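Undergrad: I need the structure of the sequence given here:
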Amino acid sequence: MSKIDSRKTIVERVQAIAGSLTLTEQKLISELLRAPRDVAIGTSSEFAARIGVHEATTSRLARKLGFTSYAEFRDGLRHEFLKVADPAERISATLNDARAKGFLPLLVASELSALTAMTDHISDARILEAAEKLDCRRVFIYGHGNAEVLSVLMERRLRRLGIDSHPLSGSPRDLAEQMLTLSSDDALLLFAFRRQPPDYQRLMQVAAETKARTIVVSGTIGPSLSPSPDVLLSAPRAGMPDSFQTLTVPMAICNAVILALAERRGPDALATLDRLGELIAKFEG
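TA: So this is what the prediction gives:
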């Protein structure tokens, strides 16, 4: 196994070895990402006990992530998560820089940096693959928290291309009812950022049972999501260390997929947009 760059964050280290993680290690990573502060202040035995495995498993994972020992791994966790994991602290760090550089210039610089780095994480081939999966009968869309904004964006843009789109929201019972008609002719589009969404695993399991296509737009947590989707579009949302994270990068990813989908659907997409123009004129006239 190649040596992992010591400058990488914990999540970036996970990305680097995602393909070699065992099932137990995936569970440890999921637990780590669910409660990083608790793991950072606890012992290796306490971390292992959280999912009921032997303490040696956590030490092996620490070495696999590029640390020389569990103690060094825990120090890395403390530095990364105890210092800036809280949203208020990230915003505070950003504001400190903004007071010196200016709010808009700082934000523009951070967003440009993140956008420029996108192509290092997502190839155009992956965008085309996502478009191919979404070119189907219906698309069911799930976004939790701030990601709901992206769900609304994609619902409207897919509909404008002539694709029947359905937002998923509400209680577990509501989601079960909304997923009732999902089939192999459909696709499930999900958004996941700082941590795995609460209903992610159940939604993915239903998609697997019905053989529906699955696409996930995510931040750096993407490779640690379980189960993994058919297509993962994962890129860091922040361009500068410790800065608060916006939706600029995932929105750009969504727009790229829509453009690729419009190209793929060709005349059908243009005909639908023409019809939309006619209907808008009728309703606004």
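
Undergrad: what separates residue 200 from residue 33, distance-wise?
TA: For residue 200, the distance to residue 33 equals 12 Å [C-beta to C-beta, to the nearest Å]. Quick note: C-beta positions are derived from backbone N, CA and C, even for glycine.

Undergrad: ok, now residue 164?
TA: From residue 164 across to residue 33, the span is 34 Å (C-beta to C-beta).

Undergrad: The two - which one has more neighbours?
TA: Between residue 164 and residue 33, counting by other C-beta atoms under 10 Å, residue 33 is the more crowded of the two (19 against 12).

Undergrad: Tell me which residues touch the more buried one, please.
TA: Going by C-beta atoms under 8 Å, 6 or more residues apart in numbering, residue 33 touches 11, 195-196, 221, 224.

Undergrad: As CSV, the residues you listed with pLDDT would be great.
TA: Converted to CSV, the contacts of residue 33 look like this (pLDDT from 0 to 100):
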residue, pLDDT
11, 78
195, 79
196, 84
221, 78
224, 79
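
Undergrad: ranking these by neighbours, who comes first?
TA: Highest neighbour count within the contacts of residue 33, by other C-beta under 10 Å: residue 224, with 23 neighbours.

Undergrad: Residue 30 is in contact with that one, correct?
TA: Yes. The pair residue 224 / residue 30 is scored as a contact, 6.7 Å apart, by C-beta atoms under 8 Å.

Undergrad: what do those two both touch?
TA: Shared contacts of residue 224 and residue 30, defined by C-beta under 8 Å, 6+ apart, comprise residue 196.

Undergrad: Straight-line length of stretch 14-23, end to end?
TA: Start-to-end span of stretch 14-23 (C-alpha to C-alpha, to the nearest Å) is 14 Å.

Undergrad: Report the buried residues of it.
TA: Of all the residues in stretch 14-23, those buried under the rule 16 or more other C-beta atoms under 10 Å are 14-18, 21.

Undergrad: likewise stretch 51-60?
TA: Residues of stretch 51-60 classed as buried by neighbour count (16+ other C-beta under 10 Å): 53, 57-59.

Undergrad: That one: how far from the chain's middle?
TA: Taking C-alpha atoms, centre = their mean, to the nearest Å, the mean C-alpha location of stretch 51-60 is offset from the chain mean by 27 Å.
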